[in-house]
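# after the sequence you'll find the predicted model.
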Amino acid sequence: MGIAVAGMDSLSDRASMMREALQKSQTITDNVVSILGSFDSRLSALETAMRPTQIRTHAIRKAHENIDKSLKSAEVILAQFDLSRQAEAKILKGPHEDLEGYLGAIDQLRSNIRFFGSNKNFKNSEGVINHSNTLLAKAISKLEDEFKQRLNSYSKPIEPDRLFDGLPNSLRPSSGSPGNQGEPGGRGPSHNHSEHQNVDLETAVYTPPTLIPPRIIPLLHDLAKQMVRAGHNQQLLKIYKETRSLVLEESLRKLGVEKLGKDDVQKMQWEVLEAKIGNWIHFMRIAVKLLFAGERKVCDEMFEGFDSLSDQCFAEVTASSVSVLLSFGEAIARSKRSPEKLFVLLDMYEIMRELHSEIETIFKGKACNEIRESALGLTKRLAQTAKETFGDFEEAVEKDATKTAVLDGTVHPLTSYVINYVKFLFDYQSTLTQLFQEFETGDGTVSQLASVTMRIMQALQTNLDGKSKQYRDPALTHLFLMNNIHYMVRSVRRSEAKDLLGDDWVQIHRRIVQQHANQYKRNAWQKILQCLSIQGLTSSGGGSSVGDGGNSSGVSRALIKDSTMFLLWFLEICTVIYLNFCSYFSLFYCRPLVENGKNPQKYVKYTAEDLERMLGEFFEGKNINEPKR
């Protein structure tokens, strides 16, 4: 019991002590709170006291920042003024000594104008801008003069030899001046045409000449760019046109190009005109593939980045030269048609077709529309005129009324002319095929060409039938037709016309030749064939043997008379070989009488060799009185 009471007392003491401790802690806390409250009041008072100082400090700091910005702006402005002074000095000095520096000075002026334009709060900015613009205008004016002077200095006409160096070997003239070349390499415009050469030309390499040194082009490009940026496009176009067009025209003039119109063409002799057409074909190749191609390259490089200006400059520069070339072609296409012009028309049509794709490429852009249309118009006009000339030829062959006499019934000049004409046509087979495609529809063009060729051959045959009636001797009529149709058949068999006309045409006309040959023999040789028969020789005699130097053979003087008639007929027609007459009749039957009679040369004028020679040369048109070869 006593122990329990003691424990309770101990706990009570401890509780009493804890209460005292807590009371002390609360007192301390209250004191601290009181002290902190006092600090807050003091700090608030201090902050209130410091606020004016803070405001002044912030204002000073902002003022310093503004001063720094102003100083920096002033430095930039001063730097721009310094650059302006440097640019002005270079511009006033001119572009001759240091063109690159001059161009840099112009760029700096533009930069200054942009700078002060965006800093208009600067009170002198408007004055600076006006001054810079005035200086820039003077700089561009000097730049135009510099562009013109440099372009003139490096723009020289191209000599013909330099142009020829850019041609494929097959087209380079072998000798003589370019104005005297019918076609380079000896290839005539009509008579030496060969389509395999055209195939070679399609794959040939052309090397345009360097019209302006490559090192100059970038500099001229920079000058042009500054002029374009200044809005001086028209001034640039004018300078370029006046300089380069004259150079291009002079290059063509040196080559041999002439300005010829329809009146000039009409006055020319055919031989002269044919040569000029051959030259024109050569000039067109050189102009398009070399000169115009070179000029296009110059324009594209000099005005790189300004495509419309490049096209316009090129169109302006080449317009006059193209017009000179195309006007001659137009004059030929519109001139009076004649058969001999067909081949040169086809040659001209060929070259325009050959150059078509390059013309479309080189003369690209809207500015060159008129030039492209003019070239295409000439191509179509040449095709139309060639087609009409073709039709004229067929009609002319049928209606040819020339009175050229062929006394011995040999080949008429019209026949050889028409056959040669047709042969030349086959040199242009692919060209004619293309030409027919321009106008015809329906059947294939090969069959159209065959049809036209057959009509020409039929027209010739119809004309020959009419000419054969001029002969009074029926034998000559058939001989004439036999010779001429045989010439036609033989020529067709030896040319490409055989494949086109076909074997049937050849066989039909060979039979016609044989028919006329048979008619010729009937009309010309009927009497003389009777002289060659043994029955004819002995019909007036009665015997068949010849006595020794007497008349017992039965061969009468009348038979000798018959031999004289044979000689007369033979001399008149001199055709089929009758050596058996010479050897059998003249030598065996007549020799005893002739040798024993007076004037034997009166009856036997020719030996067997003489007759053989005359017979062998009959169809060669030889004179029988010519000495033996």
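Nice, I can see it. Numbers count the residues shown, from 1 in each chain.

# helices or strands next to the helix or strand that contains residue 373 in the packing?
Using DSSP states H and E, residue 373 sits in helix 369-399. On a contact count with 3 or more C-beta pairs under 8 Å, 6 or more residues apart in numbering; DSSP states H and E, helix 369-399 meets helix 307-334, helix 341-362, helix 413-427, helix 429-439, helix 445-468. Using the backbone N, CA and C atoms, a C-beta is placed for each residue, glycine as well.

# mean pLDDT lowest where, among those helices?
The weakest mean pLDDT among these belongs to helix 429-439, with a mean of 81.

# mind listing what's buried along that helix?
Across helix 429-439, burial judged by 16 or more other C-beta atoms under 10 Å covers 431, 432, 434, 435, 436.

# what about residue 237, distance to residue 370?
Separation of residue 237 from residue 370 (C-beta to C-beta, to the nearest Å): 16 Å.

# who has more neighbours, the two?
residue 237 (17 against 13; other C-beta atoms under 10 Å).

# elements contacting the helix or strand encompassing the more buried one?
Using DSSP H and E, residue 237 sits in helix 233-255. Where contact means 3+ C-beta pairs under 8 Å, 6+ apart, helix 233-255 is packed against helix 125-153, helix 160-165, helix 217-229, helix 270-286, helix 293-302, helix 307-334.

# what angle separates the last one from helix 233-255?
Regarding helix 307-334 and helix 233-255, their directions subtend 40 degrees when assessed with axes from the mean of the first three to the mean of the last three C-alpha atoms, to 10 degrees.

# point out where the stretch 101-250 of the chain drops to low pLDDT.
For the stretch 101-250 of the chain, residues meeting the criterion pLDDT under 70 lie at 101-102, 105, 108-109, 111-133, 174-202.

# can you put the helices and strands packed on helix 369-399 in TSV and add distance to residue 163?
What follows is the helices and strands packed on helix 369-399, written out as TSV (distance: least, C-beta to C-beta, whole Å):
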stretch	distance to residue 163
helix 307-334	13
helix 341-362	16
helix 413-427	27
helix 429-439	26
helix 445-468	36
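
# out of those, nearest to residue 204?
Closest to residue 204 of the helices and strands packed on helix 369-399 is helix 341-362 (C-beta to C-beta; 10.6 Å).

# list the buried residues in the closest one.
So for helix 341-362, counting by 16+ other C-beta under 10 Å, buried means 341-355, 358-359, 362.

# same thing with stretch 161-173?
Judged by neighbour count (16+ other C-beta under 10 Å), stretch 161-173 contains these buried residues: 163, 164, 166, 167, 168, 171, 173.

# and what of stretch 20-27?
Per 16+ other C-beta under 10 Å, stretch 20-27 contains no buried residues.

# output that stretch as PDB, restricted to C-alpha atoms.
Extracted in PDB, the C-alpha atoms of stretch 20-27 (Å, rounded to 0.1, in the frame of the first residue of the first chain):
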ATOM      1  CA  GLU A  20       6.000  24.200 -16.000                       C
ATOM      2  CA  ALA A  21       8.100  23.400 -19.000                       C
ATOM      3  CA  LEU A  22       5.200  23.900 -21.400                       C
ATOM      4  CA  GLN A  23       4.400  27.200 -19.800                       C
ATOM      5  CA  LYS A  24       8.000  28.400 -20.300                       C
ATOM      6  CA  SER A  25       7.900  27.300 -23.900                       C
ATOM      7  CA  GLN A  26       4.700  29.200 -24.600                       C
ATOM      8  CA  THR A  27       6.200  32.200 -22.900                       C
END
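
# with adjacent residues omitted, what lies nearest to residue 222?
Nearest-residue entry for residue 222: residue 103, 5.6 Å, with adjacent residues in sequence omitted and distances by C-beta to C-beta, 6 or more residues apart in numbering.

# okay, now the one you found: neighbour count?
By other C-beta under 10 Å, the residues close to residue 103 number 20.

# hang on, it packs against residue 227?
No. Under the criterion of C-beta atoms under 8 Å, residue 103 makes no contact with residue 227, lying 11.2 Å away.

# show me how the chain divides into domains.
14-118+128-154, 160-168+205-398, 400-532, 560-628 (the TED database).

# now the last one: mean pLDDT?
So the one you mean is domain 560-628. 53.

# adjust the sequence numbering to begin at 44 for everything that follows.
I'll keep to 44 as the first residue from here, and by that count the last item is domain 603-671.

# give me the neighbour count for the spatially closest residue to residue 389 that is not a sequence neighbour.
Nearest residue to residue 389 in three dimensions, chain neighbours excluded: residue 471, at 4.9 Å (C-beta to C-beta, 6+ apart). Neighbours of residue 471 under the rule other C-beta under 10 Å: 24.
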